[in-house]
Each structure stands twice: as structure tokens, then as C-alpha cells.
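Q: 3D model of this:
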Amino acid sequence: MSRQTSLLLNVAHALDHLCLLIFAAAVARISVDFGFDRWEDLMPFGVGMFFLFGLGSLPAGRLGDLWGRRQMMLVFFFGLGASALLAAVTQGPWQLAAALVLMGVFASIYHPVGIPMLVQSARNPGATIGINGLAGNLGVAGAAILTGFLVESFGWRAAFIVPGLISLACGIAFARATPHETEAPAKRTQKAAVELTPAMLVRVFLVMTTAAITGSLLFNFTTNGNGQLLAERLRGLVENPAVLGSLLALVYAIASFAQVIVGHLIDRMSLKRLYLAIAAAQVPVLLLAAHTSGWAFYALLMLAMVLIFGAIPFTDAMIVRFVDDRMRSRVAGMRLAVSFGVSSIAVWLLGPVVKSAGFSTLLIAMACIAVCTTAAIGFLPGDRRHVPTGAQPT
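A: Next up, the predicted model:
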């Protein structure tokens, strides 16, 4: 794989997360434009995007394995760009909701297709996944700072137009830089790093899906709610939306580097023990954040996001370690369809929960979700115990 293709696959991850969070980052301004009294009342209109972001992973993964990953990535770039431009010209909440649903469909392609394409020939898949995770979460940071800047300078519609045009340009570059695949991934014979029995593989799939659901709930609650949460907890200290966006972008940028560190560690130590430590550490940090405000809260928010982002590479690393390349997109698609589909409820619940119970209750609920993640990881098989006789442990 050429460096240009690898770079564009990482840029695609950044675009994927950036586009998914434009609505959440601009919701306060959009709600005013559409005549809503509170941003919380507009927030449920974005749930369809995240639901299709999960559900669409199933056919996207199947097409990635059986048709080709290069072709599906071209659909991703051009479809995401076109749907972002469509969102920019909507005139009401239901039109915007429809455009966001379409955006969710195209955004669903990346994770089950782009990541397996990126790691299919990687010598150090953990490190590769970590760098890719950094790129994705820099997209999250970009959603905070770029959307804030564009909304303040040119209006919320520009926040959709600029990423849309970037996506279309990346699609053209990807088509030129990436040669056609010689065969569909489903016809390949590359084996997983650690071979498991069918029963143990089902167990791994159930664990990774459960952990992915809880991890995605935390990711959706935070990335969609952090903007308003930070504004509430820093009220009286920071009021300028652009400054708040920059502070949030700094949180995401620093937290994103946790994935690079975790990716390198995955290649060198037990995946299960490392995952358990990171998931368990989320619980006390979220509980403390629920009862804190001001700059102390800002420090805890940064630590919480380091841990939440640091947990992201593990599900992809499990797929690389335990699943053959010929079916990785389909397995990833099934896992993502369930986890992202279920976790989309976080977007629907965010506004009503905050409106009725406040952010403190939400943070306590997130700590409980982290407990569930930790419990699920406990059922993951050890990396070494299930390596076949004669094989080298990873």
C-alpha cells in the first residue's frame, strides 16, 4: 500500500468523525435559526444519522469483502461530501434530519472497510490502529474548533460546506493514488495472528460487541455533549464560543495521542490486561467529574477523554488478532451495526436527560456504563493461552 493511500485512509477517518459531529457542535446556532427555544429540543433530530451510521456498517462490511474495499472507499468519499453539501442547504429540522441520515449511511462505510484495508498488510497492526485512531479523534477535535470558527465567521451552513468539499477532493485523490484490487478480500487466505476454536471466536465476538456498545455509548455521550457540558461547567470563567471550542479541541487533541501510545502497547503486552486497566480507570474519573466545576473539571474532562479515546483501538485490534483478513470487514460490520446502532440512543437521550436531570446525573450514568465495559472485558480469552501449538504468542 502506497503512503498516499495510507495517508488518505487516515484523513478519511478524521473526516468521518468530523462530519458526524458538525451537527452537535453547531446545534445551538442551528436551533436559533430553526426557531427552537432550547438546543436540547433539536438534538433528537440527529439520532437517525447515528442509527444509520451503525446499521449501515453491516452491508458496507459485506460489500467491502465481496466487492472490494477500494470501491467502497470511493463511495464513502463522494457520498459523504455530497450529503454534507445537502445538509448545508436544508431549510428546516426534518430536512436536516433527512440529510443527516444520508450522511450517516455514507459515514458507516469507513470503519468496516477503511480500517481493514489499512491493516491488511501492516507489520505492527496495533501501532497502525493507534495512528489511525489519532487521525479519527483529531477529526473530533476538528469538529469542535473548525465548526466553532466557521459558525462564528460564516454561519452554520459553512460548517457543512467546507468538510463536504474536502471529502470530494479526497475522493478524487484516492481514485488516482490507489490501484484497483487484484481480487476481492473474501478470496484471500491470510490467517489471523491468533487462531481460536469456533466456540471461542463466538465468545470473543460477543465480548467485543458488548464492550463496543458500552464504549460507543461513552463516546457518543461525550463527543455530542462535551460542548454544552464545558460551557456549563466553565460558566463565569469562559463565555466566548470560539474560546470554548478551542479548549475542547485541545482536550480532544491531547486525548487522541493516547491511542498512539495504546496502539504501540497492544503490540507488546496482553491486550486483555491493558484493556481492563483503561476501562476500570474510567469509573472514578467520571464520578469525580460529576461533582466538579471550573478548571478542576476541565482537567478531569481531559483525563476522562484520554481514557475513553484510549479504549477505542481495542475492538479493531481484537478483530486483527483473532479474525482472518478475508472476513474482517464482515465481522467488523456486524459488530459495528450492533454497537453503533444501540449506542445511537445516546444521541436521542442526551438532550432530554440533560434537560430533566442535568449533566451530573449523565456523568454518573456514564461511570456505570464504564463498570459494564470492565465486566465484559473480564470474559475475553487471554492472548497467550489460546495460541495454537507451535505458533508464536503475540
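Q: please name the nearest non-neighbouring residue to Q282.
A: A370 (3.9 Å; Cβ to Cβ, 6 or more residues apart in numbering). Placement of C-beta: from N, CA and C, glycine included.
Q: distance of the one you found from K355?
A: Distance, A370 to K355, by Cβ to Cβ, to the nearest Å: 23 Å.
Q: cool, and M302?
A: Counting by Cβ to Cβ - M302 and K355 are separated by 26 Å.
Q: the two - which one has more neighbours?
A: Taking neighbours as other Cβ atoms under 10 Å, M302 and K355 compare with M302 leading, 16 against 13.
Q: ok, the closest residue to that one other than its chain neighbours - contacts?
A: Nearest residue to M302, sequence neighbours excluded (Cβ to Cβ, 6+ apart): V251, at 4.9 Å. V251 makes contacts with A141, N226, Y298, L301, M302, M305, as judged by Cβ atoms under 8 Å, 6 or more residues apart in numbering.
Q: now with 10 Å?
A: 140-141, 144, 222, 226, 230, 298-299, 301-306, 309 (Cβ atoms under 10 Å, 6 or more residues apart in numbering).
Q: kindly report the same for N220.
A: N220 makes contact with 20-21, 24, 50, 53, 340, 343-350, according to Cβ under 10 Å, 6+ apart.
Q: and if you look at P313?
A: Shown in contact with P313 (Cβ under 10 Å, 6+ apart): 115, 125-134, 258-263, 265-266, 271, 274-275, 278, 320.
Q: may I see the buried residues of stretch 311-329?
A: Residues of stretch 311-329 classed as buried under the neighbour-count rule (16 or more other Cβ atoms under 10 Å) are 311-323, 325-329.
Q: now, the residues you listed that are in helices?
A: Among the buried residues of stretch 311-329, the ones falling in helices (DSSP state H) are P313, F314, T315, D316, A317, M318, I319, V320, R321, F322, R328, S329.
Q: buried ones among the contacts of N220?
A: The buried subset of these (16+ other Cβ under 10 Å) comprises 20-21, 24, 50, 53, 340, 343-344, 346-350.
Q: quick one: the strands in the stretch 51-200 of the chain?
A: Applying DSSP state E, counting those that start in this stretch to the stretch 51-200 of the chain gives no strands.
Q: check what pLDDT E195 gets.
A: Here the pLDDT value assigned to E195 is 62.
Q: burial count for A304?
A: Based on other Cβ under 10 Å, the number of other residues close to A304 is 26.
Q: give me the three-state assignment for F36.
A: Secondary structure state of F36, per DSSP: H, G, I helix; E, B strand; the rest coil, is coil.
Q: look up phi and psi at it.
A: Dihedral angles of F36 (phi, psi; degrees, to the nearest 10) stand at phi -90, psi 140.
Q: then D267?
A: Dihedral angles (degrees, to the nearest 10) for D267: phi -70, psi -10.
Q: hmm, it is touching I261, no?
A: No: counting by Cβ atoms under 10 Å, D267 does not reach I261; the two are 11.5 Å apart.
Q: got a list of what the closest residue to D316 other than its chain neighbours touches?
A: Leaving out its chain neighbours, the residue that sits closest to D316 by Cβ to Cβ, 6+ apart is I129, at 5.0 Å. Contacts for I129 (Cβ under 10 Å, 6+ apart) come out as 115, 118-119, 122, 259-260, 262-263, 266-267, 312-317, 319-320.
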